[in-house]
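# the sequence and its predicted three-dimensional model are supplied below.
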Amino acid sequence: MNQDTNQTPYTHGKFHLLFQTLVILAGMAGLFGLLGWILFGTAGMLWSLAITLVLFVTTPRVSPWMVLRMYRARKLSQQEAPGLIELAGRISQRAGLPSAPQVYYVPSRVMNAFSVGSPAASAVALSDGLIRYLSWREMAGVLAHEITHIRNNDLRLHALADLMTRITSLFSFLGQILIVFYLPMALFSKTDIPLVPILVLIFAPAVSVLLQLALSRTREYDADLGAAALTGDPMGLASALKKMDHAEQSIWNLVFLPGRRNPQPSMLRTHPHTRQRLERLAALAHDKDEAAVEIDGQDMLPPHIPRVERSPTWNWFRPWY
């Protein structure tokens, strides 16, 4: 198959998701500026937009090592997991990262993977359940997904969105306090009450949260697209997503809704529905002839690391650890 033809769906999808990301961020910034205008006039709007630009440049990064310690993760050495480390290195090289992420092991039965850090210094954490349940082909897709997040600096993007949501909530709270003092005076003086600004102040935090969740789902789609391009095997990631979704639903059904599936509405999810992700990956499968990453068949973990048998429990700092 012609290489240009292969790249066309990836290129179109990349630009589409980039456009969605910019629209969502513009929406969050616009909402932020609107609150500034309602509270402080034109000067407040300009200051709000200036704060947005400053946050974009100076958004603090959460220490990756703090997150890893929270999950009791430990770094896997070259002797313990040569296959995983080599695979992560090859995918990172294809992704153009200056250095490969360190691979960490999370002692949990929950099938989970996450990435921390920046392209210059990063880590990918893999749970015991994920490593033992996935095949090498599926693991390549998961690693490529997380490495795409690192390459795209998605962690910084999420931190920016979170800060904007928090400041929007602060502005909203300040505005509602002012309303409490303003309404009695407006009623006694028979002044018209501006209903629209009041509604904006009340609902702005909820709208900002929904935009933040939409941003998260968009970046997940983009990471799926990047993983498919890096491995040349969209269905490898699709197979991993099926297994992870089945395991997640099993936990949900066991603890909360026996015999029923997670009813969470789409707009309240941080990740897209697995079915939608599978459909997008399946559409890409016809555009690749063969996998671009060779996979070793050796064991992922050494025998001295025991299988985690402890049932997962809920924790505010480590959900389903």
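Looks like it came in fine.

# pLDDT weak spots in the stretch 201-321 of the chain?
Within the stretch 201-321 of the chain, the segments meeting pLDDT under 70 span 249-269, 286-297, 311-321.

# same deal with the stretch 1-150 of the chain?
By pLDDT under 70, the low-scoring segments of the stretch 1-150 of the chain are 1-9, 59-64.

# flag every buried residue along stretch 186-203.
For stretch 186-203, burial by neighbour count (16 or more other Cβ atoms under 10 Å) applies to 197-198, 200-201. Just so you know, the C-beta spots here come from the backbone N, C-alpha and C atoms, and that holds for glycine as well.

# how about those in CSV, adding distance to G83 and secondary structure?
Putting the buried residues of stretch 186-203 into CSV (distance: Cβ to Cβ, whole Å; DSSP: H, G, I helix; E, B strand; the rest coil) gives the following:
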residue, distance to G83, secondary structure
P197, 59, helix
I198, 60, helix
V200, 54, helix
L201, 55, helix
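
# so which two of those are the farthest from each other?
Using Cβ to Cβ, those span at most 7.2 Å, a distance reached by I198 and V200.

# quick one, strands of the protein?
With DSSP state E, the ranges of strands along the chain come out as 74-75, 102-106, 113-118, 121-127.

# show me what the longest one is packed up against.
Taking 3 or more Cβ pairs under 8 Å, 6 or more residues apart in numbering; DSSP states H and E as the contact definition, the neighbouring helices and strands of strand 121-127 are helix 64-70, strand 102-106, strand 113-118, helix 136-151.

# who does the third one pair up with?
In other words, strand 113-118. Neighbouring strands of strand 113-118 in its sheet, by DSSP bridges, are strand 121-127 (antiparallel).

# what sits against the residue nearest to T21 when sequence neighbours are not counted?
Computed as Cβ to Cβ, 6 or more residues apart in numbering, the closest residue to T21 that is not its neighbour in sequence is T218, at 5.5 Å. Counting by Cβ atoms under 8 Å, 6 or more residues apart in numbering, T218 makes contact with 17, 20-21, 24.

# distance between whichever helix in the chain runs longest and the chain's centre?
When the chain is parsed with DSSP state H, its longest helix is helix 3-58. Distance, stretch centre to chain centre, for helix 3-58: 17 Å (Cα atoms, centre = their mean, to the nearest Å).

# same thing with stretch 188-206?
Counting by Cα atoms, centre = their mean, stretch 188-206 is centred 34 Å from the centre of its parent chain.

# need the residues that contact that stretch.
31, 34-35, 38, 165, 168-169, 171-172, 175-176, 179, 183, 185-187.

# what's the burial count for R137?
R137: 17 surrounding residues under other Cβ atoms under 10 Å.

# same question for A120.
Residues near A120, counting by other Cβ under 10 Å: 9.

# which ones are touching it?
Counting by Cβ under 8 Å, 6+ apart, A120 has contacts 98-99.

# how about 6 Å then?
Under the criterion of Cβ atoms under 6 Å, 6 or more residues apart in numbering, the contact list for A120 reads P98.

# also K14?
Counted by Cβ under 6 Å, 6+ apart, K14 has zero contacts.

# and if we set it to 8 Å?
Going by Cβ under 8 Å, 6+ apart, K14 touches 222, 225.

# V142 contacts A240, correct?
Yes. In this structure V142 lies within contact range of A240 using Cβ atoms under 8 Å: 5.2 Å.

# neighbours of the closest residue to A204 other than its chain neighbours, how many?
Leaving aside its chain neighbours, A204 sits nearest to S172 (4.8 Å; criterion: Cβ to Cβ, 6+ apart). When neighbours are defined as other Cβ under 10 Å, S172 has 23 of them.

# can you pull the contacts of the spatially most central residue of the chain?
In the chain, the C-alpha nearest the mean C-alpha coordinate belongs to S216, at 4.8 Å (Cα atoms, centre = their mean). Counting by Cβ under 8 Å, 6+ apart, S216 makes contact with 158, 161, 270-271.

# state the distance from the residue nearest to T21 to A285.
To A285, T218 is 22 Å away according to Cβ to Cβ, to the nearest Å.

# next one: D299
Separation of D299 from A285 (Cβ to Cβ) stands at 28 Å.

# one more: A227?
Counting by Cβ to Cβ, the gap from A227 to A285 is 13 Å.

# who touches both of these two?
Counting by Cβ under 8 Å, 6+ apart, the contacts common to A227 and A285 are P234.

# look at those two and report which has more neighbours.
Neighbours were counted for A227 and for A285 using other Cβ under 10 Å; A227 has more, 27 against 13.

# what number of residues lie near F173?
By other Cβ under 10 Å, the residues close to F173 number 12.

# ditto for G89
G89: 16 surrounding residues under other Cβ under 10 Å.

# which residues sit in contact with the closest residue to it other than its chain neighbours?
Excluding the flanking residues, the one nearest G89 by Cβ to Cβ, 6+ apart is A100, at 4.2 Å. Residues in contact with A100 (Cβ under 8 Å, 6+ apart) are 85, 88-89, 92-93.
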